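J.: this is the structure alone, sequence omitted:
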């Protein structure tokens, strides 16, 4: 028989991840499933699961029933650390290739003294430049660390090998765990945990749909989607704090370079207010809302009109439009 338990990354965390398990599930299997669910498999050997006076790790034998874990039990993830002296020096793993190329972060012009190493994609970095870039990505809420030059995803283990200090490593691991956790919500109807894959807030539960009972809900307020119109960002619930949440994203999102001009990476369509994140390519974008499909410039936000291209289509933009303010309803 299956039942539900709640797993938290920290004791003070207000929301927990619901996991459906069987009483006969082994402690080893449960520990492995938790690490996969929370995206911390790279830290599995340093984690344990706390329940009452029990500590479940990958080395623990027995099944969940042996530890008196029942439906509704609350389990906390614990990260193991070593005691003694704290070594915060940079260490580059012997397997990492050195490089003579120019660091892609270029902290100092014509720097010939700093050690440079190759990332898995081949681009050269200095350990200090890499650490600074990783810190910026974590603070910006990124769930993956990618090369800014080629967009190849860098594994955490490969980043650590290239000279991160102990404190920088901990900030990276804990930051990614926290950022990834915020991309999950439970379907209010069936309880299945859903991962958010884009900037939209209109969520269609695939599990409910597979059971023949389609259920669409709002990512922000977790209530059933009431708006039957074309909006993808307004659920229609009066109590929803979505506008405040979206405005915060527009006000604080990371800047990026598009056609040599620095712009916010998140905009809203000038016509329908669909939230859009610029991933790659030039400034010309088309609103993904099928009921809108407006073509506009991501830099100056000027739109196409009556079948014509937007005004700056064939000439460079001189300046970027400021961060946007959501229109009042």
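T.: Now that the structure is in, tell me what you want to look at. These numbers come from a predicted model, not from an experiment. Numbers count the residues shown, from 1 in each chain.

J.: ok, now how distant is the closest residue to residue 309 other than its chain neighbours from residue 141?
T.: Nearest in space to residue 309, with sequence neighbours left out and distances taken as Cβ to Cβ, 6 or more residues apart in numbering, is residue 295 at 7.5 Å. Any C-beta I mention is one placed from the backbone N, CA and C, and that applies to glycine too. Here the criterion is Cβ to Cβ, to the nearest Å. By it, residue 295 lies 28 Å from residue 141.

J.: and for residue 253?
T.: Counting by Cβ to Cβ, the gap from residue 253 to residue 141 is 9 Å.

J.: ditto for residue 271
T.: With the distance defined as Cβ to Cβ, residue 271 ends up 27 Å from residue 141.

J.: cool, and residue 189?
T.: From residue 189 to residue 141 the distance is 28 Å (Cβ to Cβ).

J.: quick check: phi and psi on residue 132?
T.: Main-chain dihedrals, residue 132, degrees, to the nearest 10: phi -70, psi -40.

J.: same question for the one 4 residues further on.
T.: The phi/psi pair for residue 136 (degrees, to the nearest 10) reads phi -60, psi -40.

J.: if we ignore the residues flanking it in sequence, what's nearest it?
T.: residue 254 (7.9 Å).

J.: surely that neighbour meets residue 265?
T.: Yes. Counting by Cβ atoms under 8 Å, residue 254 does reach residue 265; the two are 5.3 Å apart.

J.: more neighbours, the two?
T.: Neighbours were counted for residue 254 and for residue 265 using other Cβ atoms under 10 Å; residue 265 has more, 18 against 14.

J.: run through the residues that contact the more buried one.
T.: By Cβ atoms under 8 Å, 6 or more residues apart in numbering, the contact set of residue 265 is 253, 254, 255, 256, 277, 278.

J.: mind checking how far it is from residue 215?
T.: 31 Å.

J.: just to revisit the earlier point, any idea how far residue 194 is from the residue nearest to residue 309?
T.: Plainly put, residue 295 is 31 Å away from residue 194 if you go by Cβ to Cβ.

J.: over to residue 91?
T.: Taking Cβ to Cβ as the measure, residue 91 falls 39 Å from residue 194.

J.: low pLDDT regions in the stretch 51-200 of the chain?
T.: The model of the stretch 51-200 of the chain has pLDDT under 70 over residues 52-53, 58-60, 79-88, 106-113, 178, 180-183, 197-200.

J.: pull the distance from stretch 123-141 to the chain's centre.
T.: Distance of stretch 123-141 from its chain centroid, counting by Cα atoms, centre = their mean, to the nearest Å, is 16 Å.

J.: pull out the buried positions in the helix or strand harbouring residue 157.
T.: Here residue 157, judged by DSSP states H and E, is contained in helix 156-160. Within helix 156-160, the residues scored as buried using 16 or more other Cβ atoms under 10 Å are 156, 158, 159, 160.

J.: cool, and stretch 137-151?
T.: Applying 16+ other Cβ under 10 Å to stretch 137-151 flags 137, 138, 142, 143, 145, 147 as buried.
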